[in-house]
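> No sequence on hand, only this structure:
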């Protein structure tokens, strides 16, 4: 199982790049950033780096790890523009980009920038068409497409990505529509969730694959949950008393390793660790990154100390 670090965009560029370079040196397998312009529900303006320009910079500065945006909001960029952006970043990374894509959801960002946020059924229909547009542009010399939302007329995308095909990751947990879109188009699928939920979702994905005649094994699976790790029992008790609204794992390194083993047992290909709960200071976050590799990941089959 691979482990990737998800770097918070509220950092300065120097701090974020330093953590990306640290991840590369110490044995992490991937670097992700989030595609948001503000926090959910935020009214004041917290400084925040933009996702695609940031990952392009990271891609040019690190040499080994996979890089990507987890996940790109489809409502923010026309998929033809995104296809060209992704092809360029794949060249900057020498073929290490994963194109993460989701339907888009955060209300306050759309309201602040005057970006249309259709109802969920239309957003998912747009995502379906966007996947088709991107696949066409990355595979055809000239592309034509007549969709409900997007149209292409003799459209080029040059240079093509180095990777053929460029890995497309679809993020989403909706069992009726978004996971069916993943079954149809994705090379990778991502969802927030603890092991039991991920096992259930994997079964749903497999059913969709079988319905359309696709081998479920052809889609890699990844997940994330916030990591709250400490050897201090008092701190662990305080964390366990909190009522976080997103999936999270609280425990000592050994306890977290046991949860990671459960993910591995259900066939998860990558677990994504957000640095937002690893510490307030840059040095503390990097120490926790090291601790995760040295005391958690090391216990999984196939992992070794870098």
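Arrived safely, thanks for sending. It should be emphasised that the depicted structure is a prediction, and the values quoted were computed from it without experimental measurement. Numbering: from 1, shown residues only.
> Could you use CA atoms for every contact and neighbour count after this?
OK.
> where's residue 267 relative to residue 133, distance?
Counting by Cα to Cα, to the nearest Å, the gap from residue 267 to residue 133 is 30 Å.
> next one: residue 277
Where residue 133 is concerned, residue 277 sits at a distance of 36 Å (Cα to Cα).
> Comparing the two, which residue is more hemmed in?
It is residue 133, of residue 277 and residue 133, that has more neighbours when counted by other Cα atoms under 10 Å, with 24 against 15.
> Next secondary structure after the one helix or strand the more buried one maps to?
Per DSSP states H and E: residue 133 is located in helix 120-139. Counting by DSSP H and E, the next helix or strand C-terminal to helix 120-139 is strand 143-146.
> Pull out the buried residues from that next one.
143, 145 (16 or more other Cα atoms under 10 Å).
> now swap in stretch 209-229 and tell me
Neighbour-count burial for stretch 209-229 [16+ other Cα under 10 Å]: 209, 216, 219-229.
> follow-up on the earlier one: give me the helices and strands touching the helix holding residue 133, please.
helix 79-92, strand 143-146, helix 178-185 (3 or more Cα pairs under 8 Å, 6 or more residues apart in numbering; DSSP states H and E).
> among these, which is the most enclosed?
helix 178-185 (a mean of 23; mean count of other Cα atoms under 10 Å).
> got the angle between it and helix 120-139?
Helix 178-185 and helix 120-139 meet at an angle of 20 degrees, taking axes from the mean of the first three to the mean of the last three Cα atoms, to 10 degrees as the criterion.
> and the helix or strand just after helix 178-185, average pLDDT?
Going down the chain from helix 178-185, the next helix or strand is strand 188-192, by DSSP H and E. Strand 188-192 comes out with an average pLDDT of 98.
> For strand 188-192, which helices and strands make contact with it?
strand 168-171, strand 220-224.
> how much does it deviate in direction from strand 220-224?
Using the same axes, to 10 degrees: strand 188-192 against strand 220-224 is 20 degrees.
> could you point out which element follows strand 188-192?
helix 195-212.
> Which parts of the stretch 1-150 of the chain are helices?
13-26, 51-61, 79-92, 107-113, 120-139 (DSSP state H, counting those that start in this stretch).
> will you turn those into JSON lines that also has distance to residue 246?
Below are these laid out as JSON lines (distance: least, Cα to Cα, whole Å):
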{"stretch": "helix 13-26", "distance to residue 246": "23"}
{"stretch": "helix 51-61", "distance to residue 246": "22"}
{"stretch": "helix 79-92", "distance to residue 246": "29"}
{"stretch": "helix 107-113", "distance to residue 246": "18"}
{"stretch": "helix 120-139", "distance to residue 246": "21"}
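> Of all those helices, which one comes closest to residue 242?
Of all those, it is helix 107-113 that lies closest to residue 242, at 25.4 Å by Cα to Cα.
> Now do the buried residues in that closest one.
Buried-residue list, helix 107-113, by 16+ other Cα under 10 Å: 108-110.
> That helix - contacts with which helices or strands?
Partner elements for helix 107-113 (3+ Cα pairs under 8 Å, 6+ apart): none found.
> So for that helix, mean pLDDT?
For helix 107-113, the mean confidence score works out to 95.
> hang on, residue 273 packs against residue 227?
Yes - Residue 273 is within contact range of residue 227, at 6.8 Å (criterion: Cα atoms under 8 Å).
> Most remote residue from the middle of the chain, which is it?
Distance from the C-alpha centroid of the chain, by Cα atoms, centre = their mean, peaks at residue 234 (32.2 Å).
> before we move on, back to that, to residue 159, which of the helices of the stretch 1-150 of the chain lies closest?
helix 79-92 (6.8 Å).
> now for the closest one, which elements pack on it?
Helix 79-92 packs on helix 51-61, strand 97-102, helix 120-139, going by 3+ Cα pairs under 8 Å, 6+ apart.
> can you give me the angle the second one makes with helix 120-139?
For strand 97-102 against helix 120-139, the angle between stretch directions is 160 degrees (the same axes, to 10 degrees).
> what angle sits between strand 97-102 and helix 79-92?
Using the same axes, to 10 degrees: strand 97-102 against helix 79-92 is 150 degrees.
> Nothing else from me, thank you.
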